[in-house]
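A.B. asks: here is the input, now give the coordinates:
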Amino acid sequence: MYQLTPEGAGRFTAFGVDVDALVPGRRPLVRHCVDWSERRHHLAGALGAAVAARFFDLGWLRYGASPRVVHLTDAGRGGARDAFAIEVAD
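C.D. replies: Below you'll find the model as predicted:
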């Protein structure tokens, strides 16, 4: 079972995600999930949806050919690095 730490909640709040507004909700805050196409773990649940929405709001993600396909923009590469110390390969 995954849990969000107070430090993690603070970082997501500073990023612009209102973590307190996500709990309680109809879906779990965080949950174990493996991507269907790449077979890799990803952030799922209400928090994952809220982070994705924030990425779209910032222009860091854009939709691809279908709603299940998203692309990280150049701004998103820099933003993910600066906000979360995540390096994304080209």
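A.B. asks: the protein: helices as residue ranges?
C.D. replies: Along the chain, counting by DSSP state H, helices occupy 6-15, 19-22, 46-57, 74-84.
A.B. asks: can you pull the buried residues of stretch 32-46?
C.D. replies: A44, G45, A46 (16 or more other C-beta atoms under 10 Å). To be clear about C-beta, it is placed using only N, CA and C from the backbone, and glycine gets the same treatment.
A.B. asks: so who does the second one touch?
C.D. replies: When the contact criterion is C-beta atoms under 8 Å, 6 or more residues apart in numbering, the partners of G45 are R27, P28, L29, V30, R31, C33.
A.B. asks: list the contacts for the third one?
C.D. replies: For L29, the set of contacting residues under the criterion of C-beta under 8 Å, 6+ apart consists of L4, V19, L22, V23, G45, A46, L47.
A.B. asks: if you set the cut-off to 6 Å instead, what comes out?
C.D. replies: L29 makes contact with L22, V23, G45, A46, L47, according to C-beta atoms under 6 Å, 6 or more residues apart in numbering.
A.B. asks: of the residues you listed, which pair is most distant in space?
C.D. replies: V23 and G45 (10.3 Å; C-beta to C-beta).
A.B. asks: and the gap between the one residue sitting closest to the centre of the chain and A21?
C.D. replies: Central residue of the chain (C-alpha atoms, centre = their mean): V51, 3.6 Å from the mean position. Remark: distance between V51 and A21 (C-beta to C-beta, to the nearest Å) = 13 Å.
A.B. asks: repeat for A50
C.D. replies: Distance from A50 to A21, by C-beta to C-beta: 8 Å.
A.B. asks: counting neighbours, go ahead and name the busier of the two.
C.D. replies: Neighbour count, other C-beta atoms under 10 Å: between A50 and A21, A50 has more, with 21 against 9.
A.B. asks: doesn't V17 make contact with that one?
C.D. replies: Yes. Using C-beta atoms under 6 Å, A50 is in contact with V17, at 4.7 Å.
A.B. asks: per-residue confidence for L43?
C.D. replies: For L43, the pLDDT comes out at 87.
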